[in-house]
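S.K.: A structural model of the following input is requested.
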Amino acid sequence: TRRNDAHRKAEHGHCQPSAGTEVSSIYRDRTLAAERYLCKASSLPLFWQFIGFGNPHSKQFDFLRKLDELPVPDKRIVDNAGFFHAGTHPTHLSDTDLYDHLVSEFPHWLTAARARGIIPPP
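M.R.: Coordinates of the predicted model:
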């Protein structure tokens, strides 16, 4: 398998020293691209809802939190994203609680999007 090949190469000193830097660079480029596209999409009739599962204190959710907290109007026309963490055991959430969390930020987006002419009034 690829994993075994990579381990064999690493054990024999065949890994490039820049591999970690390259991975960091790719991650940074992709996160910047995601942020850029989310900001561009703020002028569209589109709302993004991000959900986290697992350890709520994990750093793995920092990026989704950052997307949710991008400043308006400095970066986005309207706040077009939400994030909530469903916990380590999301199946313990009732359907009502899950739904409430899923749509909690949507009414605020809807009001802001209408005010900015992104979507027509009702």
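
S.K.: where do the helices sit along the chain?
M.R.: Per DSSP state H, the chain carries helices over the ranges 2-11, 19-41, 62-68, 95-103, 106-115.

S.K.: looking at those helices, which has the lowest confidence?
M.R.: Across the helices of the chain, helix 2-11 has the smallest mean pLDDT, namely a mean of 44.

S.K.: list the contacts for the spatially most central residue of the chain?
M.R.: For the chain, residue 64 is the residue whose C-alpha lies nearest the centre (Cα atoms, centre = their mean; 3.2 Å). Contact analysis of residue 64 by Cβ atoms under 8 Å, 6 or more residues apart in numbering lists 50, 52, 83. (C-beta placed from N, C-alpha, C; glycine too.)

S.K.: mind listing the residues bridging to the first one?
M.R.: So the one you mean is residue 50. For residue 50, the beta-bridge assignment (DSSP bridges) gives partners residue 83.

S.K.: and it, how many neighbours?
M.R.: 15 (other Cβ atoms under 10 Å).

S.K.: now swap in the last one and tell me
M.R.: Neighbour count of residue 83, defined by other Cβ under 10 Å: 19.

S.K.: OK, contacts around it?
M.R.: Contacts of residue 83 (Cβ under 8 Å, 6+ apart): 49, 50, 51, 52, 61, 64, 65, 67, 68.

S.K.: could you rerun that using 7 Å?
M.R.: Under the criterion of Cβ atoms under 7 Å, 6 or more residues apart in numbering, the neighbours of residue 83 are 50, 52, 64, 65, 67, 68.

S.K.: and it, how far from residue 66?
M.R.: Computed as Cβ to Cβ, to the nearest Å, the residue 83 to residue 66 distance reads 9 Å.

S.K.: swap in the first one?
M.R.: As for residue 50, its distance to residue 66 is 10 Å (criterion: Cβ to Cβ).

S.K.: gap between the two ends of stretch 71-84?
M.R.: Distance between the boundary residues of stretch 71-84 (Cα to Cα, to the nearest Å) amounts to 18 Å.
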